[in-house]
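Visitor: below: sequence and its predicted model.
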Amino acid sequence: QQQVKQSPQSLIVQKGGISIINCAYENTAFDYFPWYQQFPGKGPALLIAIRPDVSEKKEGRFTISFNKSAKQFSLHIMDSQPGDSATYFCAASIPLVAYNTDKLIFGTGTRLQVFP
Amino acid sequence: DARVTQTPRHKVTEMGQEVTMRCQPILGHNTVFWYRQTMMQGLELLAYFRNRAPLDDSGMPKDRFSAEMPDATLATLKIQPSEPRDSAVYFCASGSPRRLSAYEAFFGQGTRLTVV
């Protein structure tokens, strides 16, 4: 129940196209949903995050859409560029009530390739 | 340029040997996470420290793994004895005392461990 399921595993998009990555969860205790971008040889870097009381959040070309009733959220990359080629991870934050903090459960990742 | 520094970047060792991975969190950060990344399991939280005290190490195999923070500028993850199944990339991430959520932590570049 603490899993976050991510799809697809890999995605090939032409430059200028829209990249869409989907995630689904079961645990309603999750209270924050970040997305990370990881380039080869680097650590994951926070891209954008959303709370479950918001249905959409946009930052530049990156948009998170959140469907609380369906327990699904997705990342849309508009006008995809070759520089966006990376692995993308969704995650969900679960409270650690005893410590007044939280921890992350990650999806399995999507390798995005954007071709010119 | 504040960053999380991990050493070594790469380590190849023989089965049964002790491995120590080091992490220098961003100066002033008081939260440290250790993650393991593999193709099969993705990113998994191993241990979580705040103010040098362990908050959650439930993701860490206790029989061979140990994590410590001898001081505020150094976190270590030790595997003894190492096994081929420990081969993975190990990431450290650090978080600011003003940003308590796990998703706001900054990742290092990782230590790629190969156990032969």
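Guide: Cool, got the structure.
Visitor: mind listing what the helix or strand containing B:T76 pairs with, with the direction of each?
Guide: According to DSSP states H and E, B:T76 maps onto strand B:74-79. Applying DSSP bridges, strand B:74-79 is found paired with strand B:19-24 (antiparallel), strand B:65-71 (antiparallel).
Visitor: tell me how far A:F66 lies from chain B.
Guide: Distance from A:F66 to chain B, counting by C-beta to the nearest C-beta, to the nearest Å: 15 Å. Just so you know, the C-beta spots here come from the backbone N, C-alpha and C atoms, and that holds for glycine as well.
Visitor: who's that residue bridged to?
Guide: Under the criterion used (DSSP bridges), A:F66 bridges to A:F73.
Visitor: any low-confidence regions in chain A?
Guide: Residue ranges of chain A with pLDDT under 70: A:1.
Visitor: hey, which of the strands paired with strand B:74-79 is tucked in deepest?
Guide: strand B:19-24 (a mean of 19; mean count of other C-beta atoms under 10 Å in any protein chain shown).
Visitor: kindly format the C-alpha coordinates of that one as PDB.
Guide: What follows is strand B:19-24, C-alpha atoms only, in PDB (Å, rounded to 0.1, in the frame of the first residue of the first chain):
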ATOM      1  CA  VAL B  19      32.700  -0.600   2.400                       C
ATOM      2  CA  THR B  20      32.400   2.900   3.900                       C
ATOM      3  CA  MET B  21      30.600   5.600   2.000                       C
ATOM      4  CA  ARG B  22      30.800   9.200   3.100                       C
ATOM      5  CA  CYS B  23      28.600  12.200   2.800                       C
ATOM      6  CA  GLN B  24      29.200  15.800   3.600                       C
END
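Visitor: now for the following helix or strand past that strand, which elements pack on it?
Guide: The element immediately downstream of strand B:19-24 (helix or strand, assigned by DSSP H and E) is strand B:31-38. When contacts are defined as 3 or more C-beta pairs under 8 Å, 6 or more residues apart in numbering or on different chains; DSSP states H and E, strand B:31-38 sits against strand B:42-50, strand B:74-79, strand B:88-95.
Visitor: same thing but at 7 Å, please
Guide: In terms of contact count using 3 or more C-beta pairs under 7 Å, 6 or more residues apart in numbering or on different chains; DSSP states H and E, strand B:31-38 is assigned the packing partners strand B:42-50, strand B:88-95.
Visitor: would you mind listing what in chain A touches chain B?
Guide: A:32, A:34, A:41-46, A:49, A:89, A:91, A:93, A:96, A:99, A:101-104, A:106-109 (C-beta under 7 Å from any C-beta of the partner chain).
Visitor: keep only those of those that are in helices.
Guide: Here DSSP state H is the test, and the residues of chain A next to chain B give no hits in helices at all.
Visitor: neighbours around the residue lying closest to B:M69 once chain neighbours are set aside, how many?
Guide: The shortest distance from B:M69 to any non-neighbouring residue, by C-beta to C-beta, 6 or more residues apart in numbering or on different chains, is to B:R52 (4.1 Å). Neighbour count of B:R52, defined by other C-beta atoms under 10 Å in any protein chain shown: 14.
Visitor: over to A:Q14?
Guide: 9.
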